[in-house]
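J.: this one's structure only:
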């Protein structure tokens with residue numbers, strides 16, 4: 001009798017595990033990550049807008065540069081800001097945007113650096129002590145994703 005009970009428990013446990021895996025496989029995959037590092041601080045984020053690597057619809061793009069849950073990091077203008085992207089982003093090329101305008105040319109590297117002072121310099125379109133910086137995956141005419149960060153001047 002005990003072997004029948006054990007067998008039923010084993011079958012029930014295997015069924016529960018299988019059901020859990022089925023539920024997890026139905027979830028959306030997370031988008032590739034991008035990271036900004038300043039000194040010893042860093043912040044990472046999934047994409048604000050991402051369609052599994054396909055081009056974002058034109059009507060969606062301007063909304064992608066807005067968001068209420070944008071991660072932020074403090075930047076001393078004398079520090080270097082380091083940008084890192086997942087190889088999935090780098091393979092298709094990526095550009096750094098500042099307040100929605102291209103700041104860099106497209107790159108296929110996974111890592112780039114920019115002086116912190118650039119993000120608070122009016123010559124580059126900065127306004128005040130806070131700047132929206134975006135990583136745009138893909139080409140400017142057909143971006144595949146946008147990752148947004150807020151850089152706050154560390155006075």
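T.: Happy to help now that I have it. What you are looking at is a predicted structure, and each value in this text was computed from that prediction instead of being measured.
J.: which elements pack onto the longest strand belonging to the chain?
T.: The single longest strand within the chain, with elements called by DSSP state E, is strand 142-153. Secondary-structure packing of strand 142-153 (3 or more C-beta pairs under 8 Å, 6 or more residues apart in numbering; DSSP states H and E): strand 34-38, strand 41-45, strand 49-50, helix 58-64, strand 71-75, strand 130-139. Just so you know, the C-beta spots here come from the backbone N, C-alpha and C atoms, and that holds for glycine as well.
J.: sheet-wise, list the partners of the first one with their directions.
T.: In other words, strand 34-38. strand 41-45 (antiparallel), strand 80-85 (antiparallel) (DSSP bridges).
J.: run through who's touching stretch 104-116.
T.: Outside stretch 104-116, the residues that touch it by C-beta atoms under 8 Å, 6 or more residues apart in numbering are 38, 75-87, 89-91, 93-96, 103, 139-140, 151.
J.: and that stretch, which residues are buried?
T.: Neighbour counts over stretch 104-116 (16 or more other C-beta atoms under 10 Å) mark 104, 110, 112, 114, 116 as buried.
J.: quick check: mean pLDDT of stretch 56-70?
T.: Regarding stretch 56-70, the rounded mean pLDDT is 83.
J.: give me the contacts around that stretch.
T.: Under the criterion C-beta under 8 Å, 6+ apart, residues 48-50, 97, 100, 132, 134, 142-146, 148-150 lie in contact with stretch 56-70.
J.: start and end of it, how far apart?
T.: Stretch 56-70 has an end-to-end distance of 19 Å (C-alpha to C-alpha, to the nearest Å).
J.: distance from the chain centre to it, please.
T.: The chain centroid and the centroid of stretch 56-70 are separated by 13 Å under C-alpha atoms, centre = their mean, to the nearest Å.
J.: kindly report the same for stretch 107-126.
T.: That offset, for stretch 107-126, works out to 17 Å (C-alpha atoms, centre = their mean).
J.: give me the low-pLDDT residue ranges for this structure?
T.: The model of the chain has pLDDT under 70 over residues 1-29.
J.: now with 50, please.
T.: 11-26 (pLDDT under 50).
J.: are any of the contacts of stretch 104-116 buried, and if so which?
T.: 38, 75, 79, 81, 83-86, 89-90, 93-96, 103, 151.
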